[in-house]
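Participant: Sequence and predicted structure below; questions after.
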Amino acid sequence: LGDGLAKNTSLTTLSLTFNNCSNLSDEWMPGLGDGLAKNTSLTTLSLTFNNCSDLSEEWMPGLGDGLAKNTSLTTLSLTFNNYHDLSKDWMCGLGDGLAKNTSLTTLSLSFNNYSDLSDEWMPGLGDGLAKNTSLTTLSLTFNNYSDLCADGMPGLGDGLAKNTSLTTLSLSFNNCSNLSTDWMCGLGYGLAKNTSLTTLSLAFNNYSDVSGEWTLGLGDRLAQNRSLTTLSLAFHNYSDLSGDWTRGLVDGLPQNRSLTTLSLAFNNYSDLSGDWTRGLGDGLAQNRSLTTLSLAFNNYSDLSGDWTRGLGDGLAKNTSLTTLSLTFNNCSDLSGVWIHGLRDGLAKNTSLIVVNITVNSTYLKVSEEWFNCICNSLTESNTITALSFTFNDHSGTSEVLGLLKKHFADCNSSPSLNLTVSLYGEAAVS
């Protein structure tokens, strides 16, 4: 394979999958590395390793040597599916290759591990990031069916702190156990000192409770970052969202002066209850740089309690936001008092100009009370000049158009109403 790559002058994309149920020999990768070193046509390389035993710490240098000498690759994707422990030193070879490579712009790494992730395996990657000068986009996915060690992230943080080329970072954590309260601190350290990142996307897919103060490490460091303009957070939770776990954000949002866009997505398969938006609301109340806020609530259970109160208080006091997008994707009833907090915040806000609301309700009716709450808050606004209301409903709610016209006939700001209604998949525009 290596000899073929070395002599080939036409290949631009190569994908390889290795399925091994025992140890991967130390010697098999150098051949591939030699081929990469001499190849001048490849731009995209994808490697997948499916291993049911230990990944030897000595087999990666072959790939690293190839990366160090290759001058054509721009995109590298590596996926590790391992059913045993990942050796702490096996990443060093990749790190060495990244440090010397000058052509890669996009790197995607996915770790699917059914055992513990050792707390010392990340420094190799961190060292490579620190010295690399070409990467602009980095995507890391951790699919772990055991605990994420609290000490495993400093290596990545150190690399981010010293890197000067990355502009986009995406991290996805898919964990079937609890998120430790300390594991975010290492990442936060890197964010605080990095000066090139403009976009950060974090996705947390958790099969246990999201609770405690684990966002503190992120919040503290956001306060010190001066380059990020866009932050996207997605929480995919299969258990309760409880406690004031957004409290960490309050420490970062008020002091951050660079963020202009914040996107939050809550995908919950259990109840949304309690005052868990309080931290987010406090941060919004004091922030002066954000202009765009997008919130998506994807819920497959009841929306109950006054859980939007904290968010509403933040919106009421914020003076910088001009655009708000709200999306409700719900497979249960849209009813109850939970909308009151959001309603009050929208009514009192004095900066919003554009509001986009999308309601995707599946098979269960959206209550008129809920609908009236949203409309009343918007009609009380003196600043909103553009409103887009998209209503995709499969429950047979045909009175939507009439209700909207009734509410907005004499509204304070006379918004330009762009309304799209879909009943049973048939669009009606007014």
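Facilitator: In hand now; what should we look at?

Participant: From here on, just use CA atoms for contacts and neighbour counts.
Facilitator: Will do.

Participant: which of the residues in the lengthiest helix in the chain are buried?
Facilitator: The longest helix of the chain (DSSP state H) is helix 368-379. By neighbour count with 16 or more other CA atoms under 10 Å, helix 368-379 contains the buried residues 370-371, 373-379.

Participant: Looking at those, which is nearest Leu156?
Facilitator: Distance to Leu156 across the buried residues of helix 368-379 (CA to CA) is lowest for Ile374, with 43.2 Å.

Participant: I figured the closest one hits Gly341, correct?
Facilitator: No - with contact defined as CA atoms under 8 Å, Ile374 does not count as touching Gly341 (10.5 Å).

Participant: Helices along the stretch 251-400 of the chain, start to end?
Facilitator: 278-286, 309-317, 339-348, 368-379, 400-408 (DSSP state H, counting those that start in this stretch).

Participant: Give me the average confidence score over the last one.
Facilitator: In this model, helix 400-408 has an average pLDDT of 70.

Participant: 44 is where my numbering starts, stick with that
Facilitator: In the new count, where the first residue is 44, that last one comes out as helix 443-451.

Participant: which strands and helices sit next to it?
Facilitator: Using 3 or more CA pairs under 8 Å, 6 or more residues apart in numbering; DSSP states H and E, the elements in contact with helix 443-451 are helix 411-422.

Participant: and the helix it packs on, average pLDDT?
Facilitator: Rounded mean pLDDT across helix 411-422 is 79.

Participant: Let's see it as PDB, backbone CA atoms only.
Facilitator: Taking Å, rounded to 0.1, in the frame of the first residue of the first chain, the C-alpha atoms of helix 411-422 are listed here in PDB:
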ATOM      1  CA  GLU A 411     -54.500  28.700  23.000                       C
ATOM      2  CA  GLU A 412     -53.200  30.000  26.400                       C
ATOM      3  CA  TRP A 413     -49.600  29.200  25.400                       C
ATOM      4  CA  PHE A 414     -50.100  30.900  22.000                       C
ATOM      5  CA  ASN A 415     -51.700  34.000  23.600                       C
ATOM      6  CA  CYS A 416     -48.800  34.300  26.000                       C
ATOM      7  CA  ILE A 417     -46.300  34.500  23.200                       C
ATOM      8  CA  CYS A 418     -48.300  36.900  21.100                       C
ATOM      9  CA  ASN A 419     -49.100  39.200  24.100                       C
ATOM     10  CA  SER A 420     -45.500  39.600  24.900                       C
ATOM     11  CA  LEU A 421     -44.600  40.500  21.300                       C
ATOM     12  CA  THR A 422     -47.400  43.000  20.900                       C
END
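
Participant: okay, the angle between it and helix 382-391?
Facilitator: For helix 411-422 against helix 382-391, the angle by axes from the mean of the first three to the mean of the last three CA atoms, to 10 degrees is 20 degrees.

Participant: so where's the stretch 294-443 of the chain shaky on pLDDT?
Facilitator: The model of the stretch 294-443 of the chain has pLDDT under 70 over residues 312-319, 343-348, 374-379, 404-410, 436-443.

Participant: got any ranges where the stretch 144-293 of the chain has weak pLDDT?
Facilitator: Across the stretch 144-293 of the chain, the ranges flagged by pLDDT under 70 are 157-164, 188-196, 219-226, 250-260, 281-293.

Participant: mind running it again at 90?
Facilitator: 154-169, 184-200, 215-234, 245-266, 276-293 (pLDDT under 90).

Participant: And the helices in the stretch 94-243 of the chain, which stretches?
Facilitator: Secondary structure of the stretch 94-243 of the chain (DSSP H, counting those that start in this stretch): helices located at 104-112, 135-143, 166-174, 197-205, 228-236.

Participant: and the third one, what does it pack onto?
Facilitator: Helices and strands in packing contact with helix 166-174 are listed as helix 135-143, helix 197-205; criterion 3+ CA pairs under 8 Å, 6+ apart.

Participant: Now render the helices of the stretch 294-443 of the chain as CSV, adding distance to Pro166.
Facilitator: Formatted as CSV, the helices of the stretch 294-443 of the chain follow (distance: least, CA to CA, whole Å):
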stretch, distance to Pro166
helix 321-329, 32
helix 352-360, 38
helix 382-391, 44
helix 411-422, 49
helix 443-451, 56
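
Participant: got the contact list for Glu120?
Facilitator: That one is not Glu; residue 120 is Ser. Shown in contact with Ser120 (CA atoms under 8 Å, 6 or more residues apart in numbering): 88-90, 150-152.

Participant: distance of it from Thr184?
Facilitator: As judged by CA to CA, to the nearest Å, Ser120 and Thr184 stand 11 Å apart.

Participant: Figure out which of the helices of the stretch 294-443 of the chain is closest to Lys174.
Facilitator: So among those, helix 321-329 is nearest, using CA to CA, at 34.7 Å.
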